[in-house]
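A.B. asks: I would like to see how this sequence folds:
(chains A and B)
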Amino acid sequence: MIIDRKTVDHVAALARLGLSDEESNRLTGELASILEHVAVLSRLDTEGVDPLYHILPIENVLREDQSVSSEIRDDVLKFAPKARSPFFAVPNVLEE
Amino acid sequence: MIPRASLPTVGTAAFLSEQLQNGDLSAADICERYLSRIRRLDPQIRAFVTVLEPDARRQAEWVDQMRKSGKSLPPLAGVPVALKDNLCARGVETTCSSKILRQFVPPYDATVVEGLRGAGCPFLGKTNLDEFAMGSSTENSGFFHTRNPHDLDRVPGGSSGGSAAAVAADLAPVSLGSDTGGSIRQPAAFCGVVGLKPTYGRVSRYGLIAFASSLDQIGPFARTAQDIALVMDVIAGPDRRDSTALPDPAPSYSEALNLPLEKIRIGIPREYFSDGLAEPIQKALADLQATLKDRGCTVVDVTLPHTSYAIPTYYLIAPAEASSNLARYDGVRYGLRAESKDLIQQYLKTRSEGFGPEVKRRIMLGTYALSSGYYDAYYLKAMKVRRLILEDFKSAFTRADLLLTPTTPTVPFKFGEKAADPLQMYLSDIFTISANLAGLPAISFPCGFDRHLPIGAQLIGPALSEPRILRWVHEYQKLSDWHLRQPHLSAS
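C.D. replies: Residues are numbered from 1 along each chain as shown, chains lettered A, B, ... in the order given. Okay, the predicted model is just below:
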């Protein structure tokens, strides 16, 4: 239940958030108080209750795979931060 | 008894539609009227992130040409709308009021946007929201605050604060918002307009930028139930591009308003009327109850015993889903990129610079709740309690046809009043969150004023009971004029 600075740093790394020292310290306190508030759930008996993942009684929808052209590739690339058509460009991820 | 409403001269979609069909007004005239009001009044309200002045004009002129050529047009053709800025519109910057999506121009329309475009609705602009729809006051917008037209020192509610304020200030006759925990109904109540959150799956979410996918639902704002019905007639229905959209066709909501009035049982959930409820709100709800009784409703007491668990449940489920949905903002394909030579560093930097404090807080909370070792204690537990909350409603609906509650525990609060404490802000959604967890349709509509500040009532119904809900709000609006009260605004 205790959330400390070390946990906050670990979670931030999982979430790929680069937090400043000040942000991490503030979040440690804020998350602790929110988690304290939600702790009330742990005292509720849910023995034998099925989790409700989805509220609708609808079933999965299946269809044949079909290839269709969306014809928006150029528009998508036009607004990308960096592109080398037909690709998005990113920093090097492989060792030279 | 409240005086009988007089017909508004302008400002409702139904009235504009009639004028357009009679040929008394052109779409271009109407469009110009709203654009000029936006130019004059929006500098103080700040409902709009983007105003689409040339586009709207072009759409309106096109509608006028079509009509002149003798084409029969849908009812809303020429009636302008405003769109919450988390709805994708082709070729129009769609920001979610976040720095991370500034300059994002989607190459496609959301299904609801495509529907309204096809129906001939000119788009006046995109409205402000709490960043990624996370908040209850629009103070979390990454750009600026939107003000409540009824009191410029107070918040319009959120997260669809811009869409609610736009209708309240008569900057648009109707608008669209999205509701994940009350983001349509709470700002509707704060701004004195009507806002409907439809049944989960009734309106396609395709093209709505995802926050919490099992809770998000798009819905309209308007001044009247009749206008809400007109918009629902366009946006509700199946969609092959959203597998959670319900497969059966939607009914005609407008026609439902003309059906004979059913004698229904109105349930009053006792958990929603605690001592903490502001006195003027209690009084307004009591008057509303009396009016409904006069019109033949039976009022019964019901109980929703797990109500106090709704907020804790929501603040695990919604951040968990958000942390997953917002993983896509990595600076690679669209939006902001904070350049770095190393890809991981680029992710960290982009997300750190692009997201505001509330979004970071929820991503952290959600990532924590889903992380190894905590999943069962938090996320799984919340999913179980979610079922108990749904079961509460099912059992209440064996005794009542619709439930009546206040929409909010207080009237609109002042800027900064709750911004410092995230938990206090979360608690302002206490009456709206359960309907999202249970996927139920719910509406907020004006039922009184505390001095100059609007009070909203909420009706919650069983899944797909929108026609009955709208029928009753329509009936109430024939007997009241709260929804026609205009804020006093003058150009600054």
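A.B. asks: From now on I want contacts and neighbour counts done on CA atoms only, so please keep to that.
C.D. replies: Noted.
A.B. asks: list the contacts for the residue of chain A found nearest chain B?
C.D. replies: Distances between chain A and chain B by C-alpha to the nearest C-alpha are smallest at A:Pro51, namely 4.0 Å. With contact set as C-alpha atoms under 8 Å, 6 or more residues apart in numbering or on different chains, A:Pro51 has these partners: B:380-387.
A.B. asks: repeat that with 10 Å
C.D. replies: Contact analysis of A:Pro51 by C-alpha atoms under 10 Å, 6 or more residues apart in numbering or on different chains lists B:379-388.
A.B. asks: now B:Leu25
C.D. replies: With C-alpha under 10 Å, 6+ apart, B:Leu25 has these contacts: B:16-19, B:64, B:78.
A.B. asks: 8 Å instead?
C.D. replies: So B:Leu25 contacts B:16, B:19 (C-alpha under 8 Å, 6+ apart).
A.B. asks: just B:Arg265 next, same as before
C.D. replies: Contacts for B:Arg265 (C-alpha under 8 Å, 6+ apart) come out as B:297-300, B:399-402.
A.B. asks: which of the contacts of A:Pro51 are buried?
C.D. replies: The neighbour-count test (16 or more other C-alpha atoms under 10 Å in any protein chain shown) marks B:379-388 as buried among the contacts of A:Pro51.
A.B. asks: Report the entries of these that also contact chain A.
C.D. replies: B:380-388 (C-alpha under 8 Å from any C-alpha of the partner chain).
A.B. asks: possible to save those as TSV with pLDDT and secondary structure?
C.D. replies: Listed next are those as TSV, based on pLDDT from 0 to 100; DSSP: H, G, I helix; E, B strand; the rest coil:
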residue	pLDDT	secondary structure
B:Leu380	94	helix
B:Lys381	96	helix
B:Ala382	97	helix
B:Met383	96	helix
B:Lys384	97	helix
B:Val385	98	helix
B:Arg386	97	helix
B:Arg387	97	helix
B:Leu388	98	helix
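A.B. asks: and those residues, which two are the farthest apart?
C.D. replies: For those, the maximum inter-member distance is 13.0 Å, found between B:Leu380 and B:Leu388 (C-alpha to C-alpha).
A.B. asks: then the lowest-mean-pLDDT helix or strand in chain A to PDB, C-alphas only?
C.D. replies: Every helix and strand in chain A was compared by mean pLDDT, DSSP states H and E; the lowest is helix A:73-78, with a mean of 90. What follows is helix A:73-78, C-alpha atoms only, in PDB (Å, rounded to 0.1, in the frame of the first residue of the first chain):
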ATOM      1  CA  ARG A  73      -0.800   7.400 -46.600                       C
ATOM      2  CA  ASP A  74       0.500  10.700 -47.900                       C
ATOM      3  CA  ASP A  75      -1.800  12.700 -45.700                       C
ATOM      4  CA  VAL A  76      -0.600  10.700 -42.700                       C
ATOM      5  CA  LEU A  77       3.000  11.100 -43.500                       C
ATOM      6  CA  LYS A  78       2.600  14.800 -44.300                       C
END
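A.B. asks: who touches the next helix or strand after it?
C.D. replies: Later in the chain than helix A:73-78, the nearest helix or strand by DSSP states H and E is strand A:83-84. Strand A:83-84 has contacts (C-alpha under 8 Å, 6+ apart) with A:77, A:89.
A.B. asks: Can you list the strands that strand A:83-84 pairs with?
C.D. replies: Here strand A:83-84 is paired, per DSSP bridges, with strand A:87-88 (antiparallel).
A.B. asks: what pLDDT, on average, does the strand it pairs with get?
C.D. replies: The average of the pLDDT scores along strand A:87-88 is 95.
A.B. asks: What about the nearest residue to B:Arg270 once chain neighbours are set aside, how many residues nearby?
C.D. replies: Distances taken as C-alpha to C-alpha, 6 or more residues apart in numbering or on different chains place B:Thr303 nearest to B:Arg270, at 5.8 Å, with adjacent residues excluded. As a burial measure, B:Thr303 scores 16 neighbours (other C-alpha atoms under 10 Å in any protein chain shown).
A.B. asks: Quick check: B:Thr303 vs chain A, distance?
C.D. replies: From B:Thr303 across to chain A, the span is 18 Å (C-alpha to the nearest C-alpha, to the nearest Å).
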